[in-house]
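Asker: Need coordinates for the following:
(chains A and B)
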Amino acid sequence: MGLPNIEMENFVETEYAQGFVTEIESDTLPPGLDEAVVRTISERKGEPPWMLEKRLTAYRHWLTMREPNWAEVKHPPINFQDISYYSSPKKKPVLDDLDQVDPELLATYEKLGIPIEEQKALAGVAVDAVFDSVSVATTFRESLAEAGVIFCSMSEAIREYPELVEQYLGSVVPHKDNFFAALNSAVFSDGTFVFIPKDVKCPMELSTYFRINEANTGQFERTLIIAEERSHVSYLEGCTAPMRDENQLHAAVVELVALEDARIKYSTVQNWYPGDNEGRGGIYNFVTKRGDCRGNRSHISWTQVETGSAVTWKYPSCILRGKDTVGEFYSVAVTKGMQQADTGTKMIHIGENSRSTIVSKGISAMHGSNAYRGLVRVAAKAENARNHTQCDSLLIGDRCAAHTFPYIEVKNPTAQVEHEATTSKVSEDQLYYCRQRGLSEEDAVSMIINGFCKEVFNELPMEFAVEAQKLLAVSLEGAVG
Amino acid sequence: MNQQFKDYSQVVSQYIGNLPNDGGDWLVAQRSSAAERFTELGFPHAKLEAWKYTGIEGLLKQGFETLDKSPEFAEHAVLNQFLPEPVAGRLVFVDGVYQADLSTCDAVGITVGNLRSAMAASDRTVLEAIGSLSGVGDHGFAALNLATVHDGAVIRVAAKTSLEQPVELLHMATKSAEGQALRSRHLVMLETGASANLIERYVALDGVAYFNNLVCEISLAQGARLTHQRVQHESPKAYHLSDIHLGLQADARYHGINAAVGAAWSRTVIHNRFLDRGASCELDGIYLAGDGQLTDFHLDVDHAVPHCDSRESFKGILHGAGKAVFDGLIQVREQAQKSQAHLHNANLMLSRQAEIDTKPQLVILADDVQCSHGTTVGQLDPQAVFYLRSRGIDEQLARHLLCLGFASEVIDRFESETLRLQLTEVIRQQVRG
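Answerer: So this is what the prediction gives:
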């Protein structure tokens, strides 16, 4: 298994020839997936037997499943035997300075206003040791520990807090849930673990970004956030800067558990490589995200800004189990070039007086295709459940597509469910109004689009919101006007 | 299910073999390709997206047979069902069998008749119109209808004819329909600039169980206008499946007003295809579902060409253990710029056991369009009930009044006063607060 084959050696040598500094990756498994691979992953990570058992059960179940094909996306078939499922936390090829980085990438960083040190970190340039040691990440870690918050990688959590992981992992997204969740449960590489103990309000916004230098979480990321009674946490995932990644398939699973009176706010900015304008390359982002409002009066809120990936397949959901629980979903999804997104949410109302709000804004430009697919289900016992859904699609250019597929299933007469959706292009009247006041067409369109997304951006933490606005402008550059 | 299906396929192919060879080879070819399609598709099942919420187990369990018996009935019972208002023409089918004596047509510029005679006379226009809009069928029952096509209504309105009075198409089920699988295939053709008003009704004289499997193809030529009032009030044990296919040429106008208040299980699918610019389609509907009832409406509005408008507005009242399914798809294709489409679906849930599954859908591939849909599910506003009660109206009546108010927006769109009164009465009697 671990033996490097000839090709692998050649590959490594070529990299050397180009002057990259990289470790020889003797720990990378060859492509392919079978039970031995799952065992090896678990063994390499030094996991306890129950974890291996979980992985194997998931793997065996995965074998019985078929890849879903109902989403409004088209892509060539994925050969799951062509993927390497484990490589030891490897160092990114380190470049000496920013001059060696793709100038296009740098130009984007510039537009987003990312500080120079962060640009280096993102592009995989060796980061100044001084910068690293005084970095916000390190300082923040200390104050988190003081508050009793556990914020670490999933591997670390399995080693250090096995009882917590065993209790909660897979309790929101069981391995049987769907094809990609099963695959993730079998081979997940790493991810984030957050635990907020009772009565603790997390002193700061947690962000994966703080862990950027620390681990390459890889393509099968697994995140678990547990908020105990009366605790609060806000978690930011991803970052506005385009991320370089060699893995084409991403199948992450995110699980949130909110106990009584807990609040979890989960914000995502996703800007993976979307492929070129003909649709070559680009990330397939097949994510399962679900939050469980287990305790009464718990509150889970999902906010997402999706601008990257060639294919996105993502439905952050809330199971509103407790009484008086609240679920929220705010989303902006932008597709341009040949990008395709099929995204939305599920709000499962089980508890009495549970409320949910869905605001989804889709923007399609060029050949982009954007679909909202959502489910609002009110179970027979969910007295006085309340849902309001607003889905708006904006079309830019005559080759793009916008779809809306809401499912509403109600089994309780006291429920009040509303769904509204609109699809149109940027209004001529609004454009004319702006132009009349001296704005260029591009500025006017950009302003109108920002207004269109405002409701969602308002939900983002402040500094993220500013970045998201810039990101939107950069994403739609060349697509409008 | 598989064995059942195999047996059924066999029965069907035998049955087709015994059908009169009207219409010559052309029809034979149509029938056999539809039979093949039926074998290929089988019966619909819950794994098909369009049938996800509409189970047919109950229907299959009944084991309905196609016997083509001549019905026995008292003539006055049928006459009683006629609309009192004067009509331009009337077609009557009892248990799926055409009743020439009861059917009339006095007006100029309109031809009404039955499909079987047209087939026997090898009427080319009629034969070629069969399946021209519906195709062979996108689900097993539609294919089955075409495979076993034997009769139905044929209504043709000549160019520039404007009919003042409505045309009545009446379907009645009698006691002898018990256990039968009835099917009919209707053709409605309006030539250039023609305008007409069609009233299509399904009623039952007895509370027996039968299955009505219908396909209706309506083609409107340039500038034609049709108002189509349609009431499904089948026997409470009946199964009713209608596939309506509309084809609208340039500047044609279609307005469909639908009511589904009867049957144990009913499903109405309306496919609208815009074939040329400037056409418009309006669809209104009201559905009721109470104990043991499932009512399903599927809309498929296809904006395939530019400059067409559509508006859909459906309302449902669910009481007892009723279940309703609504699926409203609006598609705008790449070249269909300047399309406007607005869909609205509102549902009133009056009881604890009721269930509604609603799914409006927008599939938009052009940018210069205005499309929207809205869906609501809710109950009667307690404040409104309180308001009425505070004025001395008892709760039961207050709730009834509010339900009628909710439904009246659709009911008022029926042009026939008789239908408006009948539907109001049905709601008054059936809906239990």
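Asker: For stretch B:37-52, buried residues please.
Answerer: Within stretch B:37-52, the residues that count as buried by 16 or more other Cβ atoms under 10 Å in any protein chain shown are B:37, B:38, B:39, B:41, B:42, B:43, B:44, B:50, B:51. For glycine as for every other residue, the C-beta is placed from the backbone atoms N, C-alpha and C.
Asker: pLDDT added to those residues, as JSON lines?
Answerer: Shown next, in JSON lines, are the buried residues of stretch B:37-52 (pLDDT from 0 to 100):
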{"residue": "B:37", "pLDDT": "90"}
{"residue": "B:38", "pLDDT": "90"}
{"residue": "B:39", "pLDDT": "88"}
{"residue": "B:41", "pLDDT": "89"}
{"residue": "B:42", "pLDDT": "88"}
{"residue": "B:43", "pLDDT": "89"}
{"residue": "B:44", "pLDDT": "91"}
{"residue": "B:50", "pLDDT": "91"}
{"residue": "B:51", "pLDDT": "93"}
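Asker: could I get those residues as JSON lines with secondary structure and distance to chain A?
Answerer: Listed next are these as JSON lines, based on DSSP: H, G, I helix; E, B strand; the rest coil; distance: Cβ to the nearest Cβ, whole Å:
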{"residue": "B:37", "secondary structure": "helix", "distance to chain A": "23"}
{"residue": "B:38", "secondary structure": "helix", "distance to chain A": "25"}
{"residue": "B:39", "secondary structure": "helix", "distance to chain A": "24"}
{"residue": "B:41", "secondary structure": "helix", "distance to chain A": "19"}
{"residue": "B:42", "secondary structure": "coil", "distance to chain A": "20"}
{"residue": "B:43", "secondary structure": "coil", "distance to chain A": "21"}
{"residue": "B:44", "secondary structure": "coil", "distance to chain A": "17"}
{"residue": "B:50", "secondary structure": "helix", "distance to chain A": "13"}
{"residue": "B:51", "secondary structure": "helix", "distance to chain A": "14"}
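Asker: Now do the residue in the stretch 151-300 of chain B that chain A sits nearest to against residue A:194, distance only.
Answerer: Minimum separation of the stretch 151-300 of chain B from chain A (Cβ to the nearest Cβ) falls at residue B:289, amounting to 12.9 Å. Applying Cβ to Cβ, to the nearest Å, the value for residue B:289 to residue A:194 is 46 Å.
Asker: out of the two, which sits in the busier spot?
Answerer: Shown here are residue B:289 and residue A:194; by other Cβ atoms under 10 Å in any protein chain shown, residue B:289 has more neighbours (28 against 21).
Asker: wait, what's in contact with that one?
Answerer: B:295, B:316, B:317, B:318, B:319, B:322, B:323, B:324, B:354 (Cβ atoms under 8 Å, 6 or more residues apart in numbering or on different chains).
Asker: Which residue is the nearest non-sequential neighbour of the residue of the stretch 151-300 of chain B closest to chain A?
Answerer: Once flanking residues are discounted, residue B:289 sits nearest to residue B:322: 3.1 Å by Cβ to Cβ, 6 or more residues apart in numbering or on different chains.
Asker: All the helices of chain A, residue numbers only.
Answerer: Assigned by DSSP state H, the helices in chain A fall at A:6-17, A:35-44, A:49-63, A:103-112, A:116-123, A:129-133, A:136-147, A:154-160, A:162-168, A:179-187, A:428-436, A:441-457, A:462-475.
Asker: if we can go back for a sec, can you pull the pLDDT of the residue nearest to residue B:289?
Answerer: Looking at residue B:322, its pLDDT reads 94.
Asker: Partner strands of the helix or strand where residue B:113 lies, with direction?
Answerer: In this assignment (DSSP states H and E), residue B:113 forms part of strand B:110-114. Neighbouring strands of strand B:110-114 in its sheet, by DSSP bridges, are strand B:153-157 (antiparallel).
Asker: residues making contact with the strand it pairs with?
Answerer: Residues outside strand B:153-157 that contact it (Cβ under 8 Å, 6+ apart) are B:89, B:91, B:93, B:109-115, B:118, B:126, B:163, B:167, B:169, B:184, B:186-191, B:194-196, B:198, B:224.
Asker: Correct me if wrong: residue A:67 contacts residue A:178.
Answerer: No - look at residue A:67 against residue A:178 with Cβ atoms under 8 Å: they stay out of range, at 9.8 Å.
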